[in-house]
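**Student:** could you work out the structure for the sequence below:
(chains A and B)
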Amino acid sequence: AQKVTQAQTEISVVEKEDVTLDCVYETRDTTYYLFWYKQPPSGELVFLIRRNSFDEQNEISGRYSWNFQKSTSSFNFTITASQVVDSAVYFCALSEAPSGGSYIPTFGRGTSLIVHP
Amino acid sequence: NAGVTQTPKFQVLKTGQSMTLQCAQDMNHNSMYWYRQDPGMGLRLIYYSASEGTTDKGEVPNGYNVSRLNKREFSLRLESAAPSQTSVYFCASSTRGQAIYGYTFGSGTRLTVV
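**Tutor:** I've put the predicted structure just below:
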């Protein structure tokens, strides 16, 4: 079963619009970690944020904000006033308790965000 | 600059040829990983090495082998390349206990098998 679901394959917005990228996860562990990564057109993968299962506080970093809700197993990512530079593929990932001592994240399939000028 | 270095950046192979993708990190990380990225499939783990001297299979290990040469280096070998192995390959590293803080990724190797 897929552990991380990013149902939105592609989202297209016009600059300055707000956009939310959805991430739904599945786990039986009580301790786990959630991540968001950004992959711009240049191809590298950039770590954006980590959240552990015991911290449900939302986080804001500039135009970026994250909404973690354990009740719905979701970790959604909102970009406020989107810009063309936000165009990228965004991946959500889940790390559960270590198997054999190593946390191994499972990645979602990604959401491609296209921001038009 | 500190980080994860992958070589080569691009490679074209003929079916049946072999090659090794190299990965090196200079952050003194314990754990290293190889992922492949295919359109619409996200990142899938091929192999990982939790620490020097150990390697384990990930989700899609068939057709690949790995070697953790030392703490810095983790190579991925394709013994007999197949068109299904056309993909972008990423190496990543993390401090074992700090995988929870996220990976550092290399810039990727774009491999085409014809």
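**Student:** show me where pLDDT drops low in chain B?
**Tutor:** B:1, B:96-101 (pLDDT under 70).
**Student:** can you pull the residues of it lying near chain A?
**Tutor:** B:31, B:33, B:35, B:40-45, B:48, B:50, B:56, B:58, B:88, B:90, B:92, B:94, B:96, B:99-105, B:107-108 (C-beta under 8 Å from any C-beta of the partner chain). (Glycine included, C-beta is placed from N, CA and C.)
**Student:** so which of those are in strands?
**Tutor:** Judged by DSSP state E, strands contain the following of those: B:31, B:33, B:35, B:42-45, B:48, B:56, B:88, B:90, B:92, B:94, B:104-105.
**Student:** what is the most widely separated pair among these?
**Tutor:** B:Asp56 and B:Val88 (22.0 Å; C-beta to C-beta).
**Student:** one step back: make a PyMOL selection of whichever of the ones in strands among the residues of chain B next to chain A turn out to be buried.
**Tutor:** Remark: buried members of these, expressed as a PyMOL selection using 16 or more other C-beta atoms under 10 Å in any protein chain shown:
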select buried, chain B and resi 31+33+35+42+43+44+45+48+90+92+94+104+105
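**Student:** what is the nearest of the ones in strands among the residues of chain B next to chain A to A:Asn76?
**Tutor:** Closest to A:Asn76, out of all of those and judged by C-beta to C-beta, is B:Gly42, at 17.3 Å.
**Student:** how about A:Glu26, nearest residue that isn't a chain neighbour?
**Tutor:** Distances taken as C-beta to C-beta, 6 or more residues apart in numbering or on different chains put A:Lys3 closest to A:Glu26, at 5.0 Å, once the chain neighbours are dropped.
**Student:** spit out the contact partners of the one you found.
**Tutor:** Neighbouring residues of A:Lys3 by C-beta atoms under 8 Å, 6 or more residues apart in numbering or on different chains: A:Tyr25, A:Glu26, A:Thr27, A:Leu94, A:Glu96, A:Thr106.
**Student:** can I assume the last one is in contact with B:Tyr35?
**Tutor:** No: contact between A:Thr106 and B:Tyr35 fails when scored by C-beta atoms under 8 Å: they sit 11.0 Å apart.
**Student:** how about the residues of chain A that lie near chain B?
**Tutor:** Residues of chain A lying near chain B (C-beta under 8 Å from any C-beta): A:6, A:9, A:33, A:35, A:37, A:43-45, A:47, A:50, A:52, A:91, A:95, A:100-105, A:107-110.
**Student:** now, the residues you listed that are in strands?
**Tutor:** Reading strands off the residues of chain A next to chain B with DSSP E, I get A:Tyr33, A:Phe35, A:Tyr37, A:Phe47, A:Arg50, A:Asn52, A:Phe91, A:Ser95, A:Phe107.
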